[in-house]
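> Structure for this input, please:
(one chain, ligands or ions: 2)
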Amino acid sequence: MSSGAAVPTPPVPTPEVGTVVLTAADISRALTRIAHEIVERNKGAHDLVLLGIPTRGVPLATRLAERLAAIEGSPADGAPDPHAIVGELDVTMYRDDLHRHPTRTIGATRLPASGIDGKVVVLVDDVLYSGRTIRAALDAISDLGRPRAVQLAALVDRGHRELPIRPDFVGKNLPTSTSERVSVRLAEIDGASAAGDASADAVVIRPAPSPTGAAEDGEGGA
Ligand SMILES: O=P(O)(O)OC[C@H]1O[C@H](OP(=O)(O)OP(=O)(O)O)[C@H](O)[C@@H]1O
Ligand SMILES: O=c1cc[nH]c(=O)[nH]1
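Ligands and ions are numbered 1, 2, ... in the order given. Predicted coordinates:
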């Protein structure tokens, strides 16, 4: 017999790699909740396009699309083909800090065949911090078409915004210091964990790696 309500698990400190604030199960639950919120906000999944921002926004967008399809049922019920509504949006050339990071690699931009005109575009990113990446994404979108609306989903909102940008869907609000760094690990990008777990998924908070890195973060250099 159960002895009562489950006791919340406290964050797990791992001194070498930081503190795990979201486990794989937490991330999975957060994405499922966000998918439900997207459906609720948009009264279904019609006309949705999910654009992931590299690097980790892309697999997150795919995971969200798979959940949207599962929530909406059969295509006759309005369920989207998850592969047909996901794209990726590279924002490198639209950044306002390019001069500080001249060696950034330019990534791919790939839109669904439907394009984005008249669609509801949900931008998907792993971490929202200064908001400068999303500002760049909005500029990139305006060069590609004219969506009916643009919404923003972030797995983690760590605060410290430098621009008037606010997410519509958040996995976890995580109060942080500017001297910290939030790292998201996803199996699709990072492979198996050091412990050999099937899923490497985790969100970890740790001290920013170096004074240079800390300064970059504090000034919004993502
Ligand atoms: O709100 P901001 O201050 O712009 O920071 C958030 C951005 O920083 C990280 O990307 P990063 O540029 O480090 O690239 P990565 O995703 O390839 O690691 C993160 O994935 C967000 O895109
Ligand atoms: O902590 C941070 C800040 C910006 N981008 C990240 O991915 N993590």
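
> So Ser179 sits against Pro209, correct?
No. The criterion here is CB atoms under 8 Å, and Ser179 misses it with Pro209 at 10.7 Å. All C-beta atoms are positioned from the backbone trio N, CA, C, and that covers glycine.

> Determine the longest helix present in this structure.
In the chain, with assignment by DSSP state H, the single longest helix is helix 24-41.

> which residues are in contact with it?
With CB atoms under 8 Å, 6 or more residues apart in numbering as the test, helix 24-41 has contacts from 22, 45, 48, 60, 63-64, 67-68, 70-72, 122, 151, 153, 155, 168-172, 197, 199-203.

> How far does that helix sit from its chain's centre?
Relative to the centre of its chain, helix 24-41 is centred 12 Å away, using CA atoms, centre = their mean, to the nearest Å.

> tell me the average confidence for it?
Mean per-residue pLDDT for helix 24-41: 98.

> how close does Ala35 get to ligand 1?
Ala35 sits 20 Å away from ligand 1, going by CB to the nearest ligand atom, to the nearest Å.

> Show me what from this structure comes close to ligand 1.
Residues of the chain found near ligand 1 (CB under 6 Å from any ligand atom) are 53-56, 125-133, 220, 222.

> Restricted to helices, list the contacts of helix 24-41.
Leu60, Arg63, Leu64, Arg67, Leu68, Ala70, Ile71, Glu72.

> Turn these into TSV, including distance to Ala137 and neighbour count.
TSV is the format used below for those (distance: CB to CB, whole Å; neighbours: other CB atoms under 10 Å):
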residue	distance to Ala137	neighbour count
Leu60	14	25
Arg63	19	25
Leu64	16	26
Arg67	22	20
Leu68	20	25
Ala70	26	12
Ile71	25	17
Glu72	25	18
